[in-house]
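>>> with the input below, show me the fold.
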Amino acid sequence: MSDEKPINKDDPLVTVRHMREARFCARGGRVVAARYNLDFLHFATHGYPASVLEATGDAMLIKLATMAREEAEDEA
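Here you go, the predicted model:
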């Protein structure tokens with residue numbers, strides 16, 4: 001968890017690590033981010049709160065948010 005912020009179990013950060021664990025490619029991540037006006041560079045360096053990704057309604061992003069929420073629950 002090197003440079004990630006502390007886990008907020010109510011709205012954990014979704015990071016590129018989650019994307020890699022889900023085996024999503026960076027190219028697809030950039031395309032999806034652009035579709036929802038999300039800054040992929042921001043995502044890659046800081047992450048986004050799970051609620052931001054869930055609000056898109058996109059199944060791929062919701063999967064990542066779910067992964068982050070499950071991880072936060074496990075660590076709480």
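>>> residue 44 touches residue 18, doesn't it?
No: judged on Cβ atoms under 8 Å, residue 44 makes no contact with residue 18 at a distance of 11.7 Å. Every C-beta, even on glycine, is put in place using the N, C-alpha and C of the backbone.
>>> tell me where this structure has strands.
If DSSP state E is used as the criterion, the strands of the chain fall at 13-14, 48-49.
>>> can you tell me the strand partners of the first one and which way each runs?
I take that to be strand 13-14. If you go by DSSP bridges, strand 13-14 pairs up with strand 48-49 (antiparallel).
>>> need the per-residue pLDDT for residue 54.
Listed pLDDT for residue 54 reads 97.
>>> can you check residue 7 too?
pLDDT, residue 7: 57.
>>> about what we covered before: out of the strands of the chain, deepest packed?
strand 13-14 (a mean of 23; mean count of other Cβ atoms under 10 Å).
>>> ok so, going back, out of the strands of the chain, nearest to residue 38?
Closest to residue 38 of the strands of the chain, according to Cβ to Cβ: strand 48-49, at 6.7 Å.
>>> who touches the closest one?
Strand 48-49 is contacted from outside by 8, 11-14, 38, 42, using Cβ atoms under 8 Å, 6 or more residues apart in numbering.
>>> look at residue 44 and residue 18 and report which has more neighbours.
More crowded of residue 44 and residue 18, by other Cβ atoms under 10 Å: residue 18, with 21 against 15.
>>> can you give the distance from stretch 44-52 to the centre of its chain?
When distances are taken as Cα atoms, centre = their mean, to the nearest Å, stretch 44-52 is centred 5 Å away from the chain's centroid.
>>> can I get that stretch in PDB? Just the C-alpha atoms.
Provided in PDB are the C-alpha atoms of stretch 44-52 (Å, rounded to 0.1, in the frame of the first residue of the first chain):
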ATOM      1  CA  ALA A  44      -3.100   6.300 -12.100                       C
ATOM      2  CA  THR A  45      -1.400   8.600  -9.600                       C
ATOM      3  CA  HIS A  46      -4.000   9.100  -6.900                       C
ATOM      4  CA  GLY A  47      -7.000   6.900  -7.500                       C
ATOM      5  CA  TYR A  48     -10.700   7.800  -7.300                       C
ATOM      6  CA  PRO A  49     -13.200   7.200  -4.400                       C
ATOM      7  CA  ALA A  50     -15.300   4.100  -5.100                       C
ATOM      8  CA  SER A  51     -18.400   6.300  -5.100                       C
ATOM      9  CA  VAL A  52     -17.100   8.300  -8.100                       C
END
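>>> understood, closing this out.
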